[in-house]
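Engineer: Quick one, fold the following:
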Amino acid sequence: MELRQIKFFMTVAEEGHFGRAAERLHVAQPALSQHVGRLERELEAPLFDRSARPMRLTPAGEAFLEVARRVSRQVDGLSLGVHMPVVAPVLPVLLAHWSRLHPAVKPRLTSGRPDELVELVRRRQVDVALVDGPVRDPGLTTTLVLEDELVIVLPTHHALAREDSLALDSLRGEQFVAVAGSSSRSLHDRFIELCGAAGFRPEIILEVDDPDLVPMAVAAGIGVGLAGRASVTGRALPGLTWRPVADDRASIPLIAVTAGDGMTTQTQEFLHLIETLRHGSRFLPLTTVDLTDPPLGDPADGRTARRALQQVG
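Structural biologist: Numbering: from 1, shown residues only. Have a look, this model is predicted:
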């Protein structure tokens with residue numbers, strides 16, 4: 001049995017048609033049929049019911065497809081599904097450490113909504129999905145990456161900007177900019193839940209699909225914004241500031257979702273890397289550095305700033 005035969009079989013199974021699979025693989029259809037037929041003879045079982053319209057897998061084909069996917073993942077390396085609106089602050093840290101530890105294993109990235117990515121994990125088409133949680137499925141395993149605090153983004157001239165943190169009941173009567181539930185269901189629902197516990201229903205004047213749009217909307221004077229701390233810490237927000245929500249429940253988990261069994265070696269090592277970085281607080285946002293020019297005649301300040309930049313980099 002050759003790896004090429006396994007790839008050919010998986011493509012036919014995905015397309016449900018030898019002709020379309022041949023076009024996708026850039027091989028002649030007779031040659032593709034011969035390779036699949038040879039694989040069936042080696043396994044001593046038909047993998048496709050060719051009499052069905054459309055063509056479908058036999059029970060033996062269904063069973064072998066699971067095996068083929070596992071073999072393919074082991075050979076191809078690590079496949080990551082990422083929900084970029086919430087994973088962007090930590091993804092570079094993860095990939096940088098992974099690249100140093102496993103320079104020969106290049107992760108393949110797929111972006112999408114959390115429900116789409118979790119389904120890809122469930123179907124064993126993605127090894128790890130990095131999404132906002134929680135995800136409650138007994139057939140899946142979740143690993144905490146980061147507990148992200150909720151913060152309120154405000155104009156610097158806002159009266160509440162003088163506070164170190166904000167109780168949610170102090171925001172009663174404000175108009176809010178929030179991340180849409182389709183982009184981050186847990187962020188959206190947690191915000192509604194916390195406001196309800198504070199005794200009011202928030203007036204959400206604008207929902208955005210990308211957390212990066214929250215500061216822009218606040219700067220435009222549309223309302224005050226809700227965001228995850230990791231998405232704003234260390235960023236330049238001209239004319240804006242942010243304050244943490246004074247509630248221990250004001251956070252959402254960023255999690256790594258994997259299949260409950262049959263994990264590849266690369267997947268296990270990736271989860272171990274996540275645990276190591278989390279326990280070492282390596283996911284905490286980098287401290288911002290003051291890049292303003294030092295006073296003339298004071299080169300020591302310039303050297304200090306350069307050393308700080310080198311440490312951050």
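
Engineer: all contacts plus neighbour counts: C-alpha atoms, from now on.
Structural biologist: Will do.

Engineer: And for Cys195, the neighbour number?
Structural biologist: 18 (other CA atoms under 10 Å).

Engineer: Please name the nearest non-neighbouring residue to it.
Structural biologist: Arg201 (5.9 Å; CA to CA, 6 or more residues apart in numbering).

Engineer: Shouldn't the one you found be within a strand?
Structural biologist: No - counting by DSSP: H, G, I helix; E, B strand; the rest coil, Arg201 is not part of a strand but coil.

Engineer: roughly how far apart are it and Pro253?
Structural biologist: Arg201 sits 23 Å away from Pro253, going by CA to CA, to the nearest Å.

Engineer: neighbour-wise, which of those two wins?
Structural biologist: Taking other CA under 10 Å, Arg201 and Pro253 do not tie; Pro253 has more neighbours (20 against 15).

Engineer: nearest residue to that one other than its sequence neighbours?
Structural biologist: Using CA to CA, 6+ apart, the closest residue to Pro253 is Glu147 (4.5 Å).

Engineer: isn't there a strand covering that neighbour?
Structural biologist: Yes - with three-state DSSP as the criterion, Glu147 is part of a strand.

Engineer: Surely it and Asp248 touch.
Structural biologist: No - using CA atoms under 8 Å, Glu147 makes no contact with Asp248, being 11.3 Å away.

Engineer: Name the residue in these two with the higher neighbour count.
Structural biologist: With neighbours defined as other CA under 10 Å, Glu147 and Asp248 compare such that Glu147 has more, 20 against 8.

Engineer: if I look at that one, how far off is Arg185?
Structural biologist: 15 Å.

Engineer: Ramachandran coordinates for the most centrally placed residue in the chain?
Structural biologist: Closest to where the C-alpha atoms of the chain average out (CA atoms, centre = their mean) is Val82, at 2.8 Å. Here is the backbone geometry of Val82 (degrees, to the nearest 10): phi -130, psi 130.

Engineer: Does it touch Arg108 like I think?
Structural biologist: No - in this structure Val82 lies outside contact range of Arg108 using CA under 8 Å: 10.3 Å.

Engineer: So which bits of whichever strand or helix holds Val118 are buried?
Structural biologist: Using DSSP states H and E, the element containing Val118 is helix 114-122. For helix 114-122, burial by neighbour count (16 or more other CA atoms under 10 Å) applies to Pro114, Leu117, Val118, Leu120, Val121, Arg122.

Engineer: In terms of secondary structure, what does it contact?
Structural biologist: strand 128-132, strand 251-259 (3 or more CA pairs under 8 Å, 6 or more residues apart in numbering; DSSP states H and E).

Engineer: which helices and strands does the longest one pack with?
Structural biologist: Read that as strand 251-259. Secondary-structure packing of strand 251-259 (3+ CA pairs under 8 Å, 6+ apart): helix 114-122, strand 128-132, strand 140-155, helix 185-197.

Engineer: Of all the ones you listed, which one is nearest Pro103?
Structural biologist: strand 128-132 (18.5 Å; CA to CA).

Engineer: Between its first and last residues, how far does stretch 131-142 reach?
Structural biologist: 10 Å.

Engineer: How far off centre is that stretch?
Structural biologist: 13 Å (CA atoms, centre = their mean, to the nearest Å).

Engineer: buried stuff in it?
Structural biologist: Val131, Asp132, Gly133, Val135, Thr141, Thr142.

Engineer: Distance of the last one relative to Gly112?
Structural biologist: I take that to be Thr142. Counting by CA to CA - Thr142 and Gly112 are separated by 18 Å.

Engineer: swap in the first one?
Structural biologist: When CA to CA is the yardstick, Val131 and Gly112 sit 9 Å from each other.

Engineer: Please apply the same query to the third one.
Structural biologist: As judged by CA to CA, Gly133 and Gly112 stand 15 Å apart.

Engineer: Spell out the secondary structure type for Lys106.
Structural biologist: Lys106 is classified as coil under three-state DSSP.

Engineer: Just list whatever residues bridge to Ser251.
Structural biologist: Beta-bridge partners for Ser251, by DSSP bridges, are Glu149.

Engineer: Now do it: how many residues are near it, please.
Structural biologist: Ser251 has 21 nearby residues by other CA under 10 Å.

Engineer: mind checking pLDDT for it?
Structural biologist: Note on Ser251: pLDDT of 88.

Engineer: buried set for stretch 51-71?
Structural biologist: Met55, Arg56, Leu57, Gly61, Phe64, Leu65, Ala68, Arg69, Arg70.

Engineer: likewise stretch 261-280?
Structural biologist: Residues of stretch 261-280 classed as buried: Met263, Thr264, Gln266, Thr267, Phe270, Leu271, Leu273, Ile274, Glu275, Leu277, Arg278 (neighbour count, 16+ other CA under 10 Å).
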